[in-house]
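> Model the following, please.
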Amino acid sequence: MTRKLRIGIIDLIAKGPTRALFARVMNANFAAIMPQVIAVWCEQEGHDVTLVSYTGFENLVEELPENVDLVFIGAFTEAAQLAYALSNLFRSKGAVTAIGGPHARCYPQDATKYFDYVLGFTDEAAVREVLQDCSRHRPVGVRIAARQQPAQLPGVRERWKFIEPTLQKAPFIKMVPMIGSLGCPYTCSFCIDSVIPYQPLDFEVMKEDLRFLLDFEVMKEDLRFLLQKFKRPLVGWHDPNFGVRFNDVMDAIEEAVPPDSIDFIAESSLSLLGEPHLKRLKRNGFKALLPGIESWYELGDKSKTGKMKGMDKVRQVSEHVNTILRYMPYIQTNFVLGLDGDEGEEPFELTKRFVDLAPGAFPGYSLLSAFGQAAPLNLEYQRANRVLPFPFQFLNNNQAMNVKPKNYSWPDFYEHVIDLVKYTYSWRAISNRFRANRTRVPRWMNLVRAVSSEGFGRIKYHTEVRRRLDNDLKFRSYFEQETTELPRFYLDLARKDLGPLWEWLPTGAMHHDPNAYLKSVIA
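Numbering: from 1, shown residues only. Model (predicted):
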């Protein structure tokens, strides 16, 4: 019989302390589902569980569970250094450690240096294997992965005891995390989900979750554990691409709850957002959509533009986005900057024209990044020796671009990025965006995002990087792959992020092999 374990689970929503206004409002709403799922599975196996969600506003050291036998840490790559430091700290106290989430899938070779278990696809059997063994594996950890994503996950009702404490940290907007599918039907070459077959989850569980949220609302005065009352439930769908089986998903929602009784936010694609679908989404309470446009030259299937490119695509996408805004109060459009199909100033100028033609949309910009073995395209970058060894701390799609641009010098690329970001978050564009949105919350959300770290903050950061490319020889040499010595600029930022946990960062953990994926394939 397996002994009863004291288990800590840490969801690293943030990579370090922050005081950003947008983070204050939203970080708690970005809690991941899988740490909650693993907490449920561990309790079902008879173990004691403590889950900590770190949003960047807590004293993390004080929040850490004590006297634990086993610690699971869920992390995106940008929080990897923090995860490594935490693992080292817990190991020093005798605990066994495991890491899961995007970083474990993207950089398993590196993660095995600092964890006893590194989890890829994680189902109940994989977690049970860790629980039953629960032993040290050092100096190299054990990699455990299911053959595919789990067929079903615990729903909101089962996860509620782990959801609710995190929602208490959200000051205004409180978003319940749900998921209806895994994987994605599209093949965006840079995306971690592009190689995972699309897989809908059990619609009956989804319907039960939605009924639970409404029941919870009706009974809120009687539920003793309800510390923060909802005026109305808000659900954030974590699906990589919501609504692929559109009619089935919407049938399930409509069967479960009355029309427009729950507010929904979802990431979807323009190809799924035709007007008949928009009407149905509006009728059922959808308030925000986050479609990916990505490029003006590629990915036409995802944006429903076929072989259309350049300004023709800008016009069609702008018209489509404006149509969406007639039904949805809020839309964020996502772009990737620096793709190999981009050349010269045209892609940036086209995005400016989109900002003008669809002023109500909030553009989200990501710098092209190769996250280890997240996508097959990364092998091509590594074979061409184009991947830089930026520490994981800066691989958040904005602080560092770890793929050398194909058609730009570094200074030219940053000049274009800064120009675009300044245009997008100019007071003129902010004012146009404010007027183009009809409802109060979207208006103020866009304003907060623009003047916070996502807008003004990125202008300041990119401008500093651009200045150093000209004035700091060692800095420029690192970008040009003439040296692997990390510039002091990044070292100081990492030390600031980790704070008191910097001393627990294992020796060598600021460095990784950017070509580990290629070497594993060759081997």
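
> contacts, neighbours, all on C-alpha from now
Will do.

> ok, now how distant is Asn397 from Thr77?
Relative to Thr77, Asn397 is positioned 10 Å away (C-alpha to C-alpha, to the nearest Å).

> of these two, who's got more company?
Using other C-alpha atoms under 10 Å, the more surrounded residue of Asn397 and Thr77 is Thr77, with 25 against 18.

> The more buried one against His103, yeah?
Yes - using C-alpha atoms under 8 Å, Thr77 is in contact with His103, at 4.5 Å.

> can you give me the strands in the stretch 201-350 of the chain?
234-237, 263-266, 286-289, 292-294, 330-337 (DSSP state E, counting those that start in this stretch).

> Those strands into a markdown table, with extra columns for distance to Arg91, mean pLDDT and mean neighbour count?
A markdown table is the format used below for these (distance: least, C-alpha to C-alpha, whole Å; pLDDT from 0 to 100; neighbours: other C-alpha atoms under 10 Å):
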| stretch | distance to Arg91 | mean pLDDT | mean neighbour count |
| --- | --- | --- | --- |
| strand 234-237 | 35 | 92 | 20 |
| strand 263-266 | 38 | 94 | 20 |
| strand 286-289 | 42 | 97 | 23 |
| strand 292-294 | 41 | 91 | 22 |
| strand 330-337 | 38 | 96 | 21 |
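
> Out of those, which is closest to Leu505?
strand 330-337 (31.4 Å; C-alpha to C-alpha).

> Return the distance of that closest one from the chain's centre.
Its chain's C-alpha centre and that of strand 330-337 lie 14 Å apart, by C-alpha atoms, centre = their mean, to the nearest Å.

> what's that strand in contact with?
Defining contact as C-alpha atoms under 8 Å, 6 or more residues apart in numbering, one finds that strand 330-337 is touched by 287-295, 321, 324-325, 360-368, 417, 437, 442.

> So which of those residues belong to helices?
321, 324-325, 417, 442 (DSSP state H).

> can you redo these as TSV with distance to Ala374?
As requested, the ones in helices among the contacts of strand 330-337 are arranged in TSV below (distance: C-alpha to C-alpha, whole Å):
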residue	distance to Ala374
Val321	29
Ile324	31
Leu325	33
Val417	25
Pro442	33
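
> CA atoms only for stretch 252-260 - export them in CSV, please.
Taking C-alpha atoms only, stretch 252-260 is exported to CSV below (Å, rounded to 0.1, in the frame of the first residue of the first chain):
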residue,chain,number,x,y,z
ALA,A,252,-23.8,21.5,-24.7
ILE,A,253,-23.7,25.1,-23.4
GLU,A,254,-27.3,25.8,-24.4
GLU,A,255,-28.5,22.5,-22.8
ALA,A,256,-26.7,23.2,-19.6
VAL,A,257,-27.6,26.8,-18.8
PRO,A,258,-30.1,29.5,-19.9
PRO,A,259,-29.0,31.9,-22.6
ASP,A,260,-26.7,34.7,-21.5
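
> State the number of residues packed around Gln132.
Using other C-alpha under 10 Å, Gln132 has 13 neighbouring residues.

> How about Glu43?
Around Glu43 there are 15 residues (other C-alpha under 10 Å).

> And the ones in helices among the contacts of strand 330-337, which is the shakiest by pLDDT?
Lowest pLDDT within the ones in helices among the contacts of strand 330-337 is found at Pro442 (93).

> Tell me who's in contact with that one.
Each residue near Pro442 by C-alpha under 8 Å, 6+ apart is listed here: 329-330.

> how near is it to Arg435?
Distance, Pro442 to Arg435, by C-alpha to C-alpha: 11 Å.

> low-confidence ranges in the protein?
Low-confidence segments of the chain (pLDDT under 70): 1-2, 185-195, 215-231, 299-306.

> Spatially central residue in it, please.
Nearest residue to the geometric centre of the chain (C-alpha atoms, centre = their mean): Phe76, 7.2 Å.

> thinking that one is in contact with Cys106, fair?
No - using C-alpha under 8 Å, Phe76 makes no contact with Cys106, being 9.3 Å away.

> count of residues packed around the residue nearest to Ala80 when sequence neighbours are not counted?
In this structure, Ala80 finds its nearest non-sequential neighbour in Phe392, 6.1 Å apart by C-alpha to C-alpha, 6 or more residues apart in numbering. Neighbourhood size, Phe392 [other C-alpha under 10 Å]: 24.

> Wait, Phe392 touches Ala79, no?
Yes - the pair Phe392 / Ala79 is scored as a contact, 7.2 Å apart, by C-alpha under 8 Å.
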